[in-house]
Structure formats: structure tokens, C-alpha cells
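In: coordinates only, no sequence provided:
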């Protein structure tokens, strides 16, 4: 099974070159104003997801085997902890940013999928570019993006508690899979690939 090969799957992904085919660098664009003006409408543009596939080198990463303990807020201001993973057999964690056009483009499909998931699976967003409670600009933009997309699942605002994982994330979207004990399972998927997320979930559930 793919989810039994977690160690091997981290090799070769963390130079991040391949994510350029369907993703964004983790750092926001230099022209912030221009990004904010265009990002909400970017879901309609296919040209932003076109790129070139390149091979990433295989390296030892030291990537953690579990999600860290955390206390964070979601977009509605609710407190969320690592206990969220214990609520389901599998949690799909979609790491995204408001500056990332491919992230925004896949959001409507993620919203539809979240609403139709089996009872033992959930989808959680993890937003990388909201800098604390004072960053109302990116918070409000994230709210607008998710509302327009109908992506009504939980979106957690990443903070320092996530550093053990986030230091290895070279771009977004990156999607991780977490079991009910908080273990990272299967392969991370770099780039927007909803069909790939669905395939992993189906295979994982068949192996339970």
C-alpha cells in the first residue's frame, strides 16, 4: 500500500522544483497589491496552472512522522488543536496561501469534495500567509476566497506550532494525509491534484 511507504515518499520532493508545474512558492509575490487584486478571480484562469515538470533530487529530509501538537485559530476565530485529527480515520490537510492561484483554482472542487466525503474522512485547510491576529488583510482575503468557492470546511491559520512540518514545505498547494493518531501517512502531493487526493483516500480506506 502507498500509505505504508511514507519514509520513501519524502525522498526527492523537498527541493521543490516539481511543484512549479502546478503550484506556488511558499513566499508571497513581491507585488502584494497586484496579487490581492487578482487572486480571487484567478480560479477562472487555467494559464496560471501551466508549467514544466522537472525531476527533484533524492535527499534525506528528516521530515517528521507526525503532525505537531498545536493550538491555533480557524478563519472563524475558533480554537483548533491537534485533537481534530482524532475525529476521523483520515484527515486530508490542504496547505494553501491567498497568493497562490492554483490553490484558489482548486478550492471550489475541494469544497464539493468535502461535502461528499465519507463520515470517517475530513478535509482541513492550512493557510500559510496570515501573519497573526493583526493581519486582517490576508485573513479577509482568505475568507473571501473560501466563501466564493463554497469551501466550507475548516481552514486553520498556520502559526509557529506548525514549524516542525512547515519548514519542509517548499510550496503550495501541498496536501498531506494524517491518520486519527496524528501520523503522516502516504505520499505528500505537491501541486493542485484533486483527483490524486481522492485516489489516495480511496486506496487508504480500502486498506483499513
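Out: Looks like it arrived, so ask away. Keep in mind that this is a model prediction, so the values were computed, not measured. Residues are numbered from 1 along each chain as shown.

In: residue boundaries of the helices in the protein?
Out: Counting by DSSP state H, the chain has helices at residues 6-10, 32-39, 101-116, 136-149, 163-166, 194-206.

In: out of those helices, which is closest to residue 81?
Out: Of all the helices of the chain, it is helix 163-166 that lies closest to residue 81, at 15.0 Å by Cβ to Cβ. Quick note: C-beta positions are derived from backbone N, CA and C, even for glycine.

In: counting by contacts, list what that closest one packs against.
Out: With contacts taken as 3 or more Cβ pairs under 8 Å, 6 or more residues apart in numbering; DSSP states H and E, helix 163-166 sits against no other helix or strand.

In: buried set for stretch 126-133?
Out: Neighbour-count burial for stretch 126-133 flags 126, 127, 128, 129, 130 (criterion: 16 or more other Cβ atoms under 10 Å).

In: before we move on, the earlier item: nearest to residue 187, out of the helices of the chain?
Out: Here helix 6-10 is closest among the helices of the chain (Cβ to Cβ), at 3.7 Å.

In: mean confidence for that closest one?
Out: The average pLDDT for helix 6-10 rounds to 41.

In: next one: stretch 70-87
Out: 98.

In: that one: end-to-end distance?
Out: 16 Å (Cα to Cα, to the nearest Å).

In: for it, which outside residues touch it?
Out: Stretch 70-87 has contacts (Cβ atoms under 8 Å, 6 or more residues apart in numbering) with 67-69, 91, 122, 124, 127, 133, 139, 142-143, 146, 154-159, 161-162, 178-182.
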